[in-house]
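# coords please:
(chains A and B)
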Amino acid sequence: AQKVTQAQTEISVVEKEDVTLDCVYETRDTTYYLFWYKQPPSGELVFLIRRNSFDEQNEISGRYSWNFQKSTSSFNFTITASQVVDSAVYFCATDRGSTLGRLYFGRGTQLTVWP
Amino acid sequence: NAGVTQTPKFRVLKTGQSMTLLCAQDMNHEYMYWYRQDPGMGLRLIHYSVGEGTTAKGEVPDGYNVSRLKKQNFLLGLESAAPSQTSVYFCASSDLNRGNTEAFFGQGTRLTVV
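Predicted structure coming up:
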């Protein structure tokens, strides 16, 4: 069965600090996708990234970067020079290769960035 | 560009009452989903649909029914609401194309059952 573990329930940092959110997944599929979503205090879910299981290249998008390592079944998310607007709940998720978008979510990490 | 729209945004029900949540998408997506989000639990799949006229159970289907009579709409029904169904409900849709499995989410419906 699919499972996503986000061991960090809450993280607090001061503005401009770097912060890494951990995500460990379990799957028996060889083909799958990994996702990160952001949920700001307003409540909507904002898509951040999708990663194919065959693509282990790290990705950088502005202050955001993602480290995908199949050897440790991890898909960690780093925010560089954090800002107050980064305060949100961040969810890691995976989908099975056979179910086209049916997502399995972790429990989320509440990130608070203090000014 | 509306995307995924949920109606209503908020609702308070009394135990035993029934209601229907409506999800509408304008992206011509084949797949649609209903999730619930509870504190500390992340999102869990209630039911989903792989096309017009089809529905299937997810992880937590008990107490809910769904219908997909039109491709663009996915309805979630509570026949007899219980306090345990107090939650935030999210609808999502995604494309059949394997290269575009990003799920687009609605803004959520906050339901309280008293």
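
# Just give the number of residues close to residue 41.
Reading this off chain A. Using other CB atoms under 10 Å in any protein chain shown, residue A:41 is surrounded by 7 other residues. For glycine as for every other residue, the C-beta is placed from the backbone atoms N, C-alpha and C.

# Actually, chain B is the one I wanted.
Residue B:41: 13 neighbours (other CB under 10 Å).

# quick one, what contacts the closest residue to it other than its chain neighbours?
With sequence-adjacent residues excluded and distances taken as CB to CB, 6 or more residues apart in numbering or on different chains, residue B:41 is closest to residue A:107, at 6.1 Å. Shown in contact with residue A:107 (CB atoms under 8 Å, 6 or more residues apart in numbering or on different chains): A:6, A:9, B:40, B:41, B:42.

# For those, please prepare TSV with the additional fields distance to residue B:74 and pLDDT.
As requested, the contacts of residue A:107 are exported to TSV (distance: CB to CB, whole Å; pLDDT from 0 to 100):
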residue	distance to residue B:74	pLDDT
A:6	28	97
A:9	31	96
B:40	26	82
B:41	22	84
B:42	21	88
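
# Most neighbours among these, please name it.
When neighbours are counted by other CB under 10 Å, residue A:6 leads those with 22 neighbours.

# doesn't residue A:22 make contact with that one?
Yes - Residue A:6 lies in contact with residue A:22 (CB atoms under 8 Å); the separation is 6.6 Å.

# what is in contact with those two at once?
residue A:109.

# Assign a three-state SS to residue A:44, would you?
coil (DSSP: H, G, I helix; E, B strand; the rest coil).

# I figured it was touching residue B:109, is that so?
No - the criterion here is CB under 8 Å, and residue A:44 misses it with residue B:109 at 11.9 Å.

# Looking at the two now, which is surrounded by more residues?
Each of residue A:44 and residue B:109 has its neighbours counted (other CB under 10 Å); residue B:109 has more, 23 against 13.
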